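A.B. asks: Curious how this folds, go ahead:
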Amino acid sequence: MGDYTPDVAGTGVPTLAGKHVEAADVKPPSGVLYHQLRREPLNIVGGKGSNLITDTGLEILDATCGAAVSCLGHSDERVHEAILEQLKKIPYCYSMYFTNSAAESLSKFLVDSTGGKMSRAYIVSSGTEAVEAAVKMSIQYFTELPAPQPQRVNIISRKSSYHGNTLGSLAVGHHTSRRRIYESLLSKNVHHISQCYPYRGMKTNESVEDYVVRLAQELEDEFQRLGPDTVCAFVAETMTGATLGCVPPLPGYLKAMKAVCEKHGALLILDEVMSGMGRTGTLHAWEQEDVVPDLQTIAKGLGAGYAPIAGLLINKHVVDTLSNGTGAFVHSQTYQGHPVSCAAAYRVQQIIKEDNLLPNVRAMGEYLGQILHERLDCHPRVGDIRGRGLFWAMEFVQDKATKEPYPPSKALSWTLHTTGLKPEYSISLMPGSGGIDGVNGDHIILAPPYNTTRAEIDLMVDRTVRVIKEVLGE
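C.D. replies: Prediction:
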């Protein structure tokens, strides 16, 4: 061991004695468990507006706001100030014993934003937690009715959906690759029906109205199969997110699905973790659908990434039932209603209103869709372009006529993502796979910040088109 000298400049890496090695030449092993264990991701050290900055100085256009999160872009000083102000007041208090002014302000804003249709907000730290809370509340609701219905323990959800990564929320979703190794642990009380997926689900010559009727009948049939009085809730993303790729609900679809739920006395849970809080052009995506949920989850655009935060919005009749029953929700989280997170989210929502960003989402979203169609409709490998607001996806096929997907072995969507990160493109695209049947299907998503501009969208689409052409040809 005499030939080695340990710890060069604090790196902890041994070197040959007598050899001078600069600390910068030796990189210590990471302590982070990366998502891809054999691939080290780029290290982001800064961000400004729509750009991320790596430790090498590379500026990457964040065309997806991370996972549709950073809706104000990066490093808005107004939010920084709100966070610092709250830190000086009180950084944490336990919601089992106390409330706090930041949580009160945010919750009041959220309730008011629904016109009072939702009467309380339950603030947690992630979309997954919000879904867990929604499922638990739907079960508890039926045990606290004046005439309790404890037999209502079944939940109906949709295939090719995603609702979170804990065992409960994973069971509600239908992301096959994320579920596969945990199937034995997942609840058997969750049942899945078809998505509203017109690109692949509508039959030749079938009208939108007939397709919606068929999907509603499938939900009705599932109620009948399970026993109508055993179902507590139907869960759906108001507009699908990463798993299926930005498919807006067809006109009348959610209204028809709620009608089936109401017929049998079940609750409608709308998951707006990704599509809500302005992403599709209105603060709540259900505002565009002439339907009001019984329970609604929100997250990503709520706090714009400045602090971990999510929420469950609860319809008045559900709150009243619990209030007149035991008077408590049998559930809690340590960081529920976290003051710093609530202060950050409240300031984000004020900025969205002050800067008039929702009209910009609608205008720039229309422009983004228009440019994507102009540039990519003619590409032989782009099968479908779909979206709403600033939430758009492109699905890729080997043949437009047959809609044949690429084999999973090609990892097409991930290849498009990694190609985009090359310095000559410098764009972050959101990859998605398995949307068709849990295994097949590739798409990429664009979800720019709410304050994006036409010039920025032109740049974003240009870089996206160049990436597609490198990977798939002209």
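
A.B. asks: Thought Val153 was touching Ile139, still the case?
C.D. replies: Yes. Contact criterion Cβ atoms under 8 Å: Ile139 and Val153 qualify, at 6.7 Å. C-beta: built from backbone N, CA, C; applies to glycine.

A.B. asks: Tell me which of those two has more neighbours.
C.D. replies: Taking neighbours as other Cβ atoms under 10 Å, Ile139 and Val153 compare with Ile139 leading, 18 against 15.

A.B. asks: mind listing what that one touches?
C.D. replies: Arg152, Val153, Cys232 (Cβ atoms under 8 Å, 6 or more residues apart in numbering).

A.B. asks: Same check on Pro41?
C.D. replies: Tyr34, His35.

A.B. asks: Same check on the one 5 residues further on?
C.D. replies: Gly46 makes contacts with Leu52, Ile53, Ser75, as judged by Cβ under 8 Å, 6+ apart.

A.B. asks: Can you tell me the closest non-neighbouring residue to the first one?
C.D. replies: This points to Leu52. Ile60 (4.6 Å; Cβ to Cβ, 6 or more residues apart in numbering).

A.B. asks: could I get the contacts of Gly46 as a markdown table with neighbour count?
C.D. replies: As requested, the contacts of Gly46 are exported to a markdown table (neighbours: other Cβ atoms under 10 Å):
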| residue | neighbour count |
| --- | --- |
| Leu52 | 21 |
| Ile53 | 16 |
| Ser75 | 14 |
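
A.B. asks: Which ones among these lie within helices?
C.D. replies: Among the contacts of Gly46, no member is found in helices (DSSP state H).

A.B. asks: picking that back up, how about the residue nearest to Leu52, phi and psi?
C.D. replies: The phi/psi pair for Ile60 (degrees, to the nearest 10) reads phi -110, psi 130.

A.B. asks: when you give positions from now on, start the count at 18
C.D. replies: Fine by me, first position is 18 from now on; the one you just mentioned is Ile77.

A.B. asks: which residues are common contacts for Ile156 and Val170?
C.D. replies: Contacts common to Ile156 and Val170, judged by Cβ under 8 Å, 6+ apart, are Cys249.

A.B. asks: Run a quick check on Leu271 versus Val308, I expect a contact.
C.D. replies: Yes. When contacts are counted by Cβ under 8 Å, Leu271 is listed as touching Val308 (4.7 Å).

A.B. asks: Those two: who's more crowded?
C.D. replies: Counted by other Cβ under 10 Å, Leu271 and Val308 do not tie: Leu271 has more neighbours, with 24 against 19.

A.B. asks: tell me the contacts of the more buried one?
C.D. replies: Shown in contact with Leu271 (Cβ under 8 Å, 6+ apart): Ala253, Thr255, Leu287, Trp303, Glu306, Val308.

A.B. asks: between those, which is nearest Gly64?
C.D. replies: Thr255 (28.6 Å; Cβ to Cβ).

A.B. asks: ok, so what distance separates that closest one from Glu304?
C.D. replies: 10 Å (Cβ to Cβ, to the nearest Å).

A.B. asks: who's more crowded, these two?
C.D. replies: For the pair Thr255 and Glu304, the greater number of neighbours falls to Thr255 (26 against 18), based on other Cβ under 10 Å.

A.B. asks: Spatially nearest residue to the more buried one (excluding sequence neighbours)?
C.D. replies: Ala302 (4.0 Å).

A.B. asks: Enumerate every residue touching the one you found.
C.D. replies: Thr255, Met256, Leu287, Glu289, Ser292, Gly293, Arg296.

A.B. asks: cool, and Ile210?
C.D. replies: Per Cβ under 8 Å, 6+ apart, neighbours of Ile210: Ile173, Ser174, Arg175, Lys176, Leu232, Glu235, Leu236, Glu239.

A.B. asks: beta partners of it?
C.D. replies: On the basis of DSSP bridges, Ile210 is bridged to Arg175.
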